[in-house]
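A.B. asks: Whatever this is, show me its structure:
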Amino acid sequence: MTYRFKKRIKMRKSIITIIAFTLTFLLSNKAEAQQDPNFTLYNFNMNIINPAYAGTKDSPELNLVYRSQFLGIDDAPRTVSMAYSKNVGRNLGIGISLINDKVFILKQTDVAVDISYKIKLSEQTKLYFGLKAGGGFTNIDLTRAYDGGDDPLFLENQDFFNPHVGAGIHVQNKNFYITVSTPNFLKGKRYEKQGNAPTVAIDNSHFYLGTGVNLSLSENLMVTPMFMMRNVEGVPNSYDMGAAFDIHKKVIIGMNYRVKEMISSYTLLDVSDKLKFGVAYDVTMSDLYLVDQRGSIEFIFKYQF
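C.D. replies: Just a heads-up that it's a prediction; the model follows:
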């Protein structure tokens, strides 16, 4: 057995060990409540859920997203996000993201920095490891819920800061991808009132597992079937199944079905060589449809420098 062959076997064993450790780490830090902002176009804004995605593009990329959820309901969730990432070396990538989420009296702003490391498995397959660190600023405007009574708990707003630490892996090939991540595995606090006593509700991170396969139907048409699972302990798993059609590498048209929750359609257009614009519309399939018959809408701007 030659030295080069022994070195290759040792490297593969090391990679397998790292993957196994990362998967164990992610699986052991699953969430207990589903409280993260909800996105439809996450496949085109993967930095938000997986830090390993930072730097996977050849040039720096900036994504801006606006989502208005449950259009027929007052004070429903409104989310704005920004994500920027780039290569900073042969194997390193960095990113920064900001998410501002507002629903009724609660506002939360999350800021995070991502760093990723690339390992080349073959000429066409790359493995990325990522870490995410940051924090979330939560404000609850209890004065908006004040009904004029004498309850002192509604006379003072509540503010929290929760640190965030997450991790993920991303396997990229021109024919497929695999993503496994948790954006934050640390428990956080939110204010909650039960009767006359204040209590604390706990935020926990989500666990994501997804994949997609690129299938060429013709020279100018490619279809990508995609799957994403969100595991949240204590509530039913969420499953997304969909497909996107890439036409002439200029227009992407897709549909997504979130089992027993919603069905979505979306389009991304190449406005120029560097700028893409997309829009998605969701129709609620759950019992919430009785009060939300207008659905949800989401916009994305993608710019590559």
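A.B. asks: Now do residue 56 against residue 126, distance only.
C.D. replies: The gap separating residue 56 from residue 126 is 8 Å, by Cβ to Cβ, to the nearest Å. Just so you know, the C-beta spots here come from the backbone N, C-alpha and C atoms, and that holds for glycine as well.
A.B. asks: Compare these two and say which is more crowded by neighbours.
C.D. replies: Taking neighbours as other Cβ atoms under 10 Å, residue 56 and residue 126 compare with residue 56 leading, 22 against 16.
A.B. asks: OK, contacts around the more buried one?
C.D. replies: Residue 56 sits next to 85, 93, 116, 126, 128, 170, 172 when contact means Cβ atoms under 8 Å, 6 or more residues apart in numbering.
A.B. asks: can you rerun that using 7 Å?
C.D. replies: For residue 56, the contacting residues are 93, 128, 170, 172, by Cβ atoms under 7 Å, 6 or more residues apart in numbering.
A.B. asks: Which strands and helices lie in contact with the strand or helix carrying the third one?
C.D. replies: Secondary-structure element containing residue 170, defined by DSSP states H and E: strand 158-173. For strand 158-173, the helices and strands in contact under the criterion 3 or more Cβ pairs under 7 Å, 6 or more residues apart in numbering; DSSP states H and E are helix 3-27, strand 125-140, strand 176-182, strand 188-194.
A.B. asks: The closest residue to residue 85 other than its chain neighbours: neighbour count?
C.D. replies: With sequence-adjacent residues excluded and distances taken as Cβ to Cβ, 6 or more residues apart in numbering, residue 85 is closest to residue 95, at 3.4 Å. By other Cβ under 10 Å, the residues close to residue 95 number 25.
A.B. asks: same thing with residue 98?
C.D. replies: Neighbours around residue 98, by other Cβ under 10 Å: 15.
A.B. asks: In terms of mean pLDDT, which of the helices and strands packed on strand 158-173 ranks lowest?
C.D. replies: Among these, helix 3-27 carries the lowest mean pLDDT, at a mean of 48.
A.B. asks: Pull up the pairing partners for the very next helix or strand once past it, direction included.
C.D. replies: Scanning forward in sequence from helix 3-27 by DSSP H and E, the next helix or strand is strand 61-68. Partner strands and pairing direction for strand 61-68 (DSSP bridges) are strand 78-87 (antiparallel), strand 296-304 (antiparallel).
A.B. asks: Now mean neighbour count, distance to residue 218 and mean pLDDT too, for these, in a markdown table please.
C.D. replies: Formatted as a markdown table, the strands paired with strand 61-68 follow (neighbours: other Cβ atoms under 10 Å; distance: least, Cβ to Cβ, whole Å; pLDDT from 0 to 100):
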| stretch | mean neighbour count | distance to residue 218 | mean pLDDT |
| --- | --- | --- | --- |
| strand 78-87 | 19 | 32 | 94 |
| strand 296-304 | 18 | 25 | 95 |
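A.B. asks: Can you say which of those is nearest to residue 267?
C.D. replies: Proximity of the strands paired with strand 61-68 to residue 267 was assessed by Cβ to Cβ; the nearest stretch is strand 296-304, lying at 10.5 Å.
A.B. asks: sorry, back to before: only C-alpha atoms, please: export the strand holding residue 170 in PDB.
C.D. replies: Extracted in PDB, the C-alpha atoms of strand 158-173 (Å, rounded to 0.1, in the frame of the first residue of the first chain):
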ATOM      1  CA  GLN A 158     -40.100  43.600  28.100                       C
ATOM      2  CA  ASP A 159     -36.700  43.400  26.400                       C
ATOM      3  CA  PHE A 160     -34.500  40.300  26.100                       C
ATOM      4  CA  PHE A 161     -31.200  39.500  24.400                       C
ATOM      5  CA  ASN A 162     -30.500  35.900  23.600                       C
ATOM      6  CA  PRO A 163     -27.100  34.600  22.200                       C
ATOM      7  CA  HIS A 164     -27.300  32.400  19.200                       C
ATOM      8  CA  VAL A 165     -24.900  29.600  18.100                       C
ATOM      9  CA  GLY A 166     -25.600  27.300  15.200                       C
ATOM     10  CA  ALA A 167     -24.000  24.800  12.900                       C
ATOM     11  CA  GLY A 168     -24.500  23.000   9.600                       C
ATOM     12  CA  ILE A 169     -23.000  21.000   6.800                       C
ATOM     13  CA  HIS A 170     -23.700  21.500   3.100                       C
ATOM     14  CA  VAL A 171     -22.700  19.100   0.300                       C
ATOM     15  CA  GLN A 172     -22.700  20.700  -3.200                       C
ATOM     16  CA  ASN A 173     -22.500  19.000  -6.500                       C
END
